[in-house]
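S.K.: structure of the sequence below:
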Amino acid sequence: MQFKRFGLTAGILLLASSVQAAPQPEIQELFRASRTPGERIVAYPQGTPELRVVRVSLPVGATIPLHTHPSPVVVVVTKGAMTNVRLVDGKEVVSVVRPGNGFLDGHPDEPHFVTNKGPEPAEAMVTFASVEGLPNMIPMK
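M.R.: Numbering: from 1, shown residues only. Model (predicted):
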């Protein structure tokens with residue numbers, strides 16, 4: 001009887017060691033902010049909420065012209081590098097954003113433009129916390 005128990009126990013241990021644990025999800029926070037790079041707090045617009053996620057591709061030398069956003073916008077660069085140039089209290093503030101880094105936009109007093117001055121195409125995932133019918137950006141003259 002003891003040999004049977006030993007055999008059963010050894011069989012269970014052998015089976016357990018050959019069964020791998022199920023893969024576990026990996027959750028990594030990529031970005032968190034409560035203020036824009038110019039230290040302004042964004043405001044959520046009134047209306048029916050609508051989240052939008054877009055991919056922005058910037059070839060070398062391309063520029064998204066001067067604009068503002070009427071709602072909070074999170075930009076996370078996934079490829080290349082994007083140069084973000086914003087006007088903060090009349091001063092130009094420049095930051096280069098590389099893959100894995102991002103920034104929060106969405107204040108009317110911080111017009112900005114984004115350009116690719118790097119040697120390779122750049123790409124970003126952009127999330128707009130907007131409302132139905134509101135444009136993603138407002139061009140500046």
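S.K.: mind checking the SS state of the residue nearest the centre of the chain?
M.R.: Centroid-nearest residue in the chain, with C-alpha atoms, centre = their mean: residue 76, separated by 3.2 Å. In three-state terms, and counting by DSSP: H, G, I helix; E, B strand; the rest coil, residue 76 is strand.
S.K.: give me the nearest residue to it, chain neighbours excluded.
M.R.: residue 102 (3.8 Å; C-beta to C-beta, 6 or more residues apart in numbering). Quick note: C-beta positions are derived from backbone N, CA and C, even for glycine.
S.K.: what about the one you found, how many neighbours?
M.R.: Per other C-beta atoms under 10 Å, the neighbour tally for residue 102 reads 23.
S.K.: what's the answer for residue 81, then?
M.R.: Applying other C-beta under 10 Å, I find that residue 81 has 17 neighbouring residues.
S.K.: need the pLDDT of it.
M.R.: At residue 81, the model reports a pLDDT of 98.
S.K.: what about the closest residue in space to it that isn't next to it in sequence, how many residues close to it?
M.R.: Of all residues not flanking residue 81 in the chain, residue 118 sits nearest, at 4.5 Å (C-beta to C-beta, 6+ apart). Counted with other C-beta under 10 Å, the neighbours of residue 118 add up to 17.
S.K.: ok, residue 118 to residue 20 distance?
M.R.: Residue 118 sits 42 Å away from residue 20, going by C-beta to C-beta, to the nearest Å.
S.K.: re earlier: let me know whether the residue nearest to residue 76 touches residue 31 as I believe.
M.R.: Yes: here residue 102 reaches residue 31: they are 4.1 Å apart, a contact under C-beta atoms under 8 Å.
S.K.: residues shared between the contacts of these two?
M.R.: Contact criterion C-beta atoms under 8 Å, 6 or more residues apart in numbering; residues shared by residue 102 and residue 31: 74, 76.
S.K.: how about low-confidence regions in this structure?
M.R.: When residues are selected by pLDDT under 70, those of the chain lie in 1-19.
S.K.: where do the strands of it begin and end?
M.R.: With DSSP state E as the criterion, the chain has strands at 49-58, 63-68, 73-79, 82-88, 91-97, 102-105, 112-115, 122-131, 138-139.
S.K.: that's all I had, so thanks and see you.
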